[in-house]
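>>> Quick one, structure for this:
(one chain, ligands or ions: 1)
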Amino acid sequence: MAECKRCLLHEAAEEDTLKSIKERIDKLSEKERAPDELYEKRLSECKRCDNLISGVCMKCGCYVEFRAAFKKNNCPNVKDRRW
Ligand code: SF4
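Sure, this is the predicted structure:
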């Protein structure tokens, strides 16, 4: 796959990986999972961030669509924490 700067995974067409992530997110409990509105807000911040490349955060190596799904998580960039 070509490098896709500021793309989320669902836009970078990594369908198998995205499917696997969605399945794992679906298994999170209500308590663990970020509410939809918060999740979308987090992803919109990632999309404006230079650390996002092909759905992966270069600060932590996570797929942001997975990291952002956990209510307790935050942006790993301590110098410019966006969420
Ligand atoms: S540094 Fe924060 S805002 Fe940027 S891609 Fe990573 S998680 Fe998203």
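>>> Enumerate the residues of this structure near the ligand.
Contacts of the chain with the ligand, taken as Cβ under 6 Å from any ligand atom, map to 45, 46, 49, 51, 52, 57, 59, 64, 75, 76, 77, 82. C-betas here are computed from N, CA, C, even on glycine.
>>> Check the secondary structure at the second one for me.
Read it as residue 46. helix (DSSP: H, G, I helix; E, B strand; the rest coil).
>>> Begin at 51, not 1, for the rest of this chat.
Got it, first residue is 51 now, which makes that one residue 96.
>>> Wait, it touches residue 61, no?
No. Look at residue 96 against residue 61 with Cβ atoms under 8 Å: they stay out of range, at 11.5 Å.
>>> Out of these two, name the residue with the larger neighbour count.
Between residue 96 and residue 61, counted using other Cβ atoms under 10 Å, the more crowded position is residue 96 (21 against 13).
>>> Roughly how far does the more buried one sit from residue 90?
Residue 96 is 11 Å from residue 90, where distance means Cβ to Cβ, to the nearest Å.
>>> Distance-wise, check residue 56 relative to residue 113.
Residue 56 is 14 Å from residue 113, by Cβ to Cβ.
>>> more crowded one of those two?
residue 113 (21 against 15).
>>> In contact with the residue most central in space within the chain, which residues?
Closest residue to the average C-alpha location of the chain: residue 114 at 1.7 Å, with Cα atoms, centre = their mean. Residue 114 sits next to 58, 59, 92, 93, 96, 102, 105, 106, 107 when contact means Cβ atoms under 8 Å, 6 or more residues apart in numbering.
>>> now, which of these lie within helices?
If you go by DSSP state H, those have 92, 93, 96 in helices.
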